[in-house]
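S.K.: below is the structure, and that's it, no one-letter string:
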C-alpha cells in the first residue's frame, strides 16, 4: 500500500556515451586559472563551469564576465551565484583589458551577470570595457553577450524605450557581434529563465538589427529541459524572423542537484538535423552539438 507522504524519487538520466569532454594539458589550464585569480577578474568559463574551458584555456581564450560574480536573477539552469550583487569594481574594465593584453587576444567575448540593481542595468560595463580594450589595440574584435537590459520605468513603453537606449550605448561602440541568448523555448521561459521574458529577448535582437544593421546578431538555446522538436523549430524560426545571423544550439548539462534536471539527452543525429534546418533557413553561422555553448569558438 502506498503512503500519502511517500517521497518521490527523482530519476537522474545517465550521461550518454556521445558526450565526451575535451582533454587538455593541466599546465595550460592551471596557467589560465592563475591569471584569472591574479587579475581579480571573472570569466563565465569559471563561474558557469563551462565544459569547454580546458580546451579554450589551452588556446589562450576566455569569455570575460563583467559586473562581478553574483547575478541579480536566479535562473534555474545557471551555475553563476545568485543574490545581492557586489559593489561595482571601478577598475574592472582596466583589469580585463590588461588580461587581454597579457593573453595577446585578437578576439574577445564580453558578457555580464544581470545587474537589475543598476540604473542602466549594466550597459556601461560593456562600454567602459570596450573603451579600455580599444586603447590596447583598436583592431581587436569584440563580441558582446548581454542580459536583456529590460526593466525600470512605470509601464511597457517606458521599459521598451529604456531597453533601446541601453542597447544603443553598447552598439555605438561597434562590437563585431551582438549576442543575447533565448536559452530555451517560449513555453519553458518562466521555469528556466526566472525574471526574463521570451518576447523581450526577441525584441532586443530585433532592436539591435534596427539600430545597427551591419552588426551581426547571435542567439543560443539549450536542449534537454523538456522542449519538443516542434518548439525548437518554432524558436529557430522566431530568431530568423528578426534577422538573427548566428545561432548556437547545445545540450543542457545539470550543474548540480539544486538545478533543473535533464529531461532528455538529444542524440547526435538530432543535432545534425537541427544544424541542417538552420542552414536551410539561411543563418550565416550555425554551431550545433552537445557541448556547444554561446561563446565556444566564437572567434
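M.R.: Cool, the structure landed. As the structure is a prediction and not an experimental result, all values here were calculated from the model.

S.K.: and the lengthiest helix in the chain, how far out from the chain middle?
M.R.: The residue-count maximum for a helix in the chain (DSSP state H) belongs to helix 156-171. In terms of CA atoms, centre = their mean, to the nearest Å, the gap separating the centre of helix 156-171 from the centre of its chain is 20 Å.

S.K.: now the element after it, going C-ward?
M.R.: Of the helices and strands lying after helix 156-171 in sequence (DSSP states H and E), the nearest is strand 177-179.

S.K.: and that next one, how far out from the chain's middle?
M.R.: For strand 177-179, the distance to the chain centre is 10 Å (CA atoms, centre = their mean).

S.K.: and that strand, what's its mean pLDDT?
M.R.: Strand 177-179 shows an average pLDDT of 97 in the prediction.

S.K.: which elements pack onto it?
M.R.: strand 141-145, strand 216-223 (3 or more CB pairs under 8 Å, 6 or more residues apart in numbering; DSSP states H and E). (C-beta placed from N, C-alpha, C; glycine too.)

S.K.: where does the protein have its least confident helix or strand?
M.R.: When each helix and strand of the chain is scored by mean pLDDT, DSSP states H and E, helix 44-47 comes last, with a mean of 52.

S.K.: closest to residue 13 out of the helices and strands packed on strand 177-179?
M.R.: strand 216-223 (13.0 Å; CB to CB).

S.K.: how far does that closest one sit from the chain's center?
M.R.: Centroid separation between strand 216-223 and its chain, computed with CA atoms, centre = their mean, is 8 Å.

S.K.: what comes up buried for that strand?
M.R.: Of all the residues in strand 216-223, those buried under the rule 16 or more other CB atoms under 10 Å are 216, 217, 218, 219, 220, 221, 222, 223.

S.K.: do the same with stretch 274-292
M.R.: 274, 275, 277, 278, 283, 286, 287, 288, 289, 290, 291, 292.

S.K.: just the closest of the residues you listed to residue 233, please.
M.R.: For the buried residues of stretch 274-292, the nearest to residue 233 is residue 277 (6.6 Å; CB to CB).

S.K.: before we move on, back to that, please narrow the buried residues of stretch 274-292 to those residing in helices.
M.R.: 274, 275, 277, 278.

S.K.: wait, the last one sits on residue 286?
M.R.: Right, the one you point to is residue 278. Yes - Residue 278 is in contact with residue 286 according to CB atoms under 8 Å; the separation is 4.4 Å.

S.K.: which neighbours do these two share?
M.R.: Overlap of the contact sets of residue 278 and residue 286 (by CB atoms under 8 Å, 6 or more residues apart in numbering) consists of 247, 249.

S.K.: list the helices and strands the strand or helix carrying residue 204 packs on?
M.R.: Secondary structure assignment for residue 204, by DSSP H and E: helix 198-211. With contacts defined as 3+ CB pairs under 8 Å, 6+ apart, helix 198-211 has these neighbours: helix 156-171, strand 216-223, helix 229-241.
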